[in-house]
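Enquirer: Provided below are the primary sequence and the corresponding predicted coordinates.
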Amino acid sequence: MQGTQAIGIDLGTSNSCIATLTGNEPSVIQSTEGDRVTPSIVAFGRNGERMIGQSAKRQAVVNPVNTIFSIKRFIGRTYRSRQIQENIERFPFRLAPSSAGDVRFDVEGRRFSPEELSSMIVAKLKGEAEQVLQRDVSTAVITVPAYFDDRQRAATKDAGRIAGLGDIQIINEPTAAALAYGLHRQQNQLLAVYDLGGGTFDVSILQQLGGKFRVLASCGDAFLGGDDFDRVLIDWLIEEFQRSSGRPLPTEPTVLQRLKNAVEQAKRDLSFSQSVRITVPFLSGGPSGPVHLDVELDRRRFEQLVGPLVDRTLGPCATALADAGLKAGDVEAVVVVGGQSRSPIVQTRVAEFFGRQPVRGINPDEAVAMGAAVTAALTTGQLPGYELKDVTPLSIGIETAGGAFTKIIPRNTPLPATARRVFTTTEDNQIIIRVHVLQGERELAKDNRTLGLFDLVGVRAAPKGVPSIAIGFEVDAEGKVHVTAADEDTGRSQTVRVSGRGGLAETEIQRMIDDAQLNEAADEQAREWLAVRNRGLTLVYQTERLLGDPSAPLMPIFRERLTAMVADFKRHLDRSLAPKDRHTIEERLAELVSLLRELEYES
């Protein structure tokens, strides 16, 4: 092999695809089986042999416990996360926690991480590309959902490194699809990319100005996709079996895998037919012999079952438009990608929402990989005149007084991005500042995801509220975060690159958005409570300084009243830790302010 070539990889939940740029055209590289997409499945046989792609999928029914699929749904997640625990009984393979609490796949006593299994898929794709191109492949662009957090992006990069890739760039899937669509459409337009794949949903609003693409806003659901359509249909089949046979269906691994295969085929058939017959023989045994599943599913019933899932995608669409400052009617082209987007109900709902039909002529299974290949060509200088600017998917900031989350770089800020805010100390003579970097949309730090934690030492000793601590953020084009904390008085500073490996909350990124919407009222109360509490603490501090000043013209009666009131106020502040106590604190605060004003008048 001679030379190297950059490739684009769509590492999908259900299927993966690899592409490269030939001339100025992206093209998909076929698998060794002759397919344009590779099932994202890894299996282990009885003798330890490893199967990847189609070979793994073909033997899944006879070896369900050791056949791992939907790996992307587990990458960067904790074993105890809500999404994993709610679905754990539905997987035919075995899951277990690592010592750090991450998800591991238990295969005959050996535990594999999602990164390791993903790397096997990437390695297969890389090897096939090298065989076709007759060149070494060390540079790649790998796509991820727009709402993947820092840890999930880092884990995806790790999968690439384990597979032997050296230079790896991450790009968001909807952005890649937009590049594939707009590459040879040198025009000015507003695009919406709706990406409903096997495990995730994303929507991005982009502006194309000739060869320049700028992401205006992204939103999505990191645990919504074709797998959830499968789950709804499997549940319906189980109910139908019990209704027709009068007995429960055993949900052992082999049965679950056979049902999954059946509903996947039914979904495909219903994209072209009005009804389909689902037949799964020998699902159970009984006194009179084997019992089979044989039901008819028409498109109308199918759409009733999966309609709520499709409706869940429209909320993020509205959010992305609002963040971009646009209305649905402003969008001039809607690009629909992802395997599950082939369903007629998805096409219909998208057309209704945006008021226009999705564009034709783009393969929803291949567009993301081809867009990744275009990005790879941009990084190597093969496509001069093209430019891409993305946005931050989630807000980034720090924890501040009272456990609040202060956003420094809001979500959907264009990348690269820089921002700077000045803070101060909360204790007298504080010489160490702990900087807790977070990512999310909730008002309280505890409800967001930790990106990193570090200390700025050597702060000048002074009364609280006096030092000026400047916190600066830099986020590069790939979303890597650099944080600087500096004492403006001494010039002492510390800069760190925040890594997703620094410990993350158990919940994944989509819960941040969902919870922010579901708990909007509670968050508003929490925000008001923190503001009142911090105002109270400041007033207590100022009053205590006044009481401690021997030169202050305080009459004994005022000094006694202030001392008693401050002590009572502090007791309430110490034990009032919930937003519901805000009104009590406000009353005490008003009383203290009134007394201080009376003192000022008397003076």
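Expert: That came in fine, so what should we check first?

Enquirer: Val350: how many residues sit nearby?
Expert: As a burial measure, the neighbour count of Val350 was computed by other C-beta atoms under 10 Å and equals 23. C-betas here are computed from N, CA, C, even on glycine.

Enquirer: Kindly confirm my reading that it is in a strand.
Expert: No - the assignment for Val350 by DSSP: H, G, I helix; E, B strand; the rest coil gives helix, which leaves it out of any strand.

Enquirer: Contact partners for Met45?
Expert: To be clear, residue 45 is Gly; Met isn't right here. When the contact criterion is C-beta atoms under 8 Å, 6 or more residues apart in numbering, the partners of Gly45 are Met51, Gln59, Asn63, Asn66.

Enquirer: Swap in 6 Å and give it another go.
Expert: Gly45 makes no contacts at all, as judged by C-beta atoms under 6 Å, 6 or more residues apart in numbering.

Enquirer: what stretches of this protein score poorly on pLDDT?
Expert: Low-confidence segments of the chain, defined by pLDDT under 70, span residues 1-4, 184, 186, 285-289, 499-531, 533-534, 554, 572-583, 598-603.

Enquirer: in it, which spans are helices?
Expert: When secondary structure is read from DSSP state H, the chain shows helices at 54-58, 82-87, 114-133, 150-162, 173-182, 226-245, 253-270, 299-324, 344-354, 367-379, 509-518, 520-547, 556-575, 582-602.

Enquirer: Can you give the distance of the strand of greatest length in the chain from its chain's centre?
Expert: With DSSP state E applied, the strand covering the greatest number of residues in the chain is identified as strand 275-286. Between the mean C-alpha location of strand 275-286 and the chain-wide mean there is a distance of 37 Å, by C-alpha atoms, centre = their mean, to the nearest Å.

Enquirer: how about the helices of the chain in CSV, adding distance to Val335?
Expert: Putting the helices of the chain into CSV (distance: least, C-beta to C-beta, whole Å) gives the following:
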stretch, distance to Val335
helix 54-58, 28
helix 82-87, 27
helix 114-133, 24
helix 150-162, 23
helix 173-182, 5
helix 226-245, 18
helix 253-270, 21
helix 299-324, 13
helix 344-354, 10
helix 367-379, 7
helix 509-518, 22
helix 520-547, 31
helix 556-575, 53
helix 582-602, 47
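
Enquirer: So for Thr484, which of those sits nearest?
Expert: Smallest distance to Thr484 across the helices of the chain (C-beta to C-beta): 17.5 Å, for helix 150-162.

Enquirer: Would you mind getting the angle between the closest one and helix 114-133?
Expert: Using axes from the mean of the first three to the mean of the last three C-alpha atoms, to 10 degrees, one finds that helix 150-162 and helix 114-133 are set 50 degrees apart in direction.

Enquirer: buried residues in helix 150-162?
Expert: The neighbour-count check on helix 150-162 (16 or more other C-beta atoms under 10 Å) flags Asp150, Arg151, Gln152, Arg153, Ala154, Ala155, Thr156, Lys157, Asp158, Ala159, Gly160, Ile162 as buried.

Enquirer: Any idea what Leu388 is bridged to?
Expert: The residues paired with Leu388 through beta bridges, assigned by DSSP bridges, are Phe213.

Enquirer: how far away is it from Gly329?
Expert: As judged by C-beta to C-beta, to the nearest Å, Leu388 and Gly329 stand 26 Å apart.

Enquirer: Which one's more surrounded, those two?
Expert: For the pair Leu388 and Gly329, the greater number of neighbours falls to Leu388 (22 against 10), based on other C-beta under 10 Å.

Enquirer: how close does that one get to Tyr147?
Expert: For Leu388, the distance to Tyr147 equals 18 Å [C-beta to C-beta].

Enquirer: Cool, thanks, signing off.
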